[in-house]
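> no sequence for this one, just the structure:
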């Protein structure tokens, strides 16, 4: 049986929060996030995300096993730290749709699932009348001690999807790296495309 993609909203989305929390912890433990996550925090954060009336979760399953997930909802429904870089520039967040995490187990990458995640989230943004879509990606220094040899960033994939980084549109989010004793802020660069 091959991988199937399904779009979840409302109660279906809430029922999948545990699977998404586990995937986020597993995938974001890798470079470049190096996230030392906790399931209880994850579930709380994701339930808040899922409360947005226009939120969508795209799930990839291999049989019954969830192997990847991606989320999206309106930027207006996001926390203040996500909206602040746009609002401080006078940009109207009402016309923006925010793509949250996109997490996929390594052995399933390169099969077109990432494109399916973007396709379904962009379709939801269009249904909700968004004028543009955006996401934020962590910025790490090139001399970071945990940079894997031969690492290829996702920039090329995102550019082929029509996204580009917006100069100066950066926020900071704090989380605990595996090397850290506590949460530390990291710069997050916004990428955007018009629909």
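The structure has been received and is ready for your questions. This structure is a prediction, so every number in the text was calculated from the model and none was measured. Residues are numbered from 1 along each chain as shown.

> C-alpha only now, for contacts and for neighbours.
Noted.

> now the element after the helix or strand bottoming out on mean pLDDT in the chain, going C-ward?
Ranked by mean pLDDT, DSSP states H and E, the weakest helix or strand in the chain is helix 39-50, scoring a mean of 78. Remark: after helix 39-50, the chain's next helix or strand is strand 56-62, criterion DSSP states H and E.

> contacting residues around that next one?
Contacts to strand 56-62, defined as C-alpha atoms under 8 Å, 6 or more residues apart in numbering, come from residues 1-10, 13, 50, 66-73, 113, 117, 120-121, 124.

> tally of neighbours for residue 161?
Counted with other C-alpha atoms under 10 Å, residues neighbouring residue 161 total 13.

> can you offset everything so residue one is 11?
Understood, numbering begins at 11; the last thing we discussed is residue 171.

> what's the distance between it and residue 91?
25 Å (C-alpha to C-alpha, to the nearest Å).

> give the buried residues for stretch 76-95.
Buried residues in stretch 76-95, counted by 16 or more other C-alpha atoms under 10 Å: 76-88, 92-95.

> now, the residues you listed that are in helices?
Of those, the ones assigned to helices by DSSP state H are 92-95.
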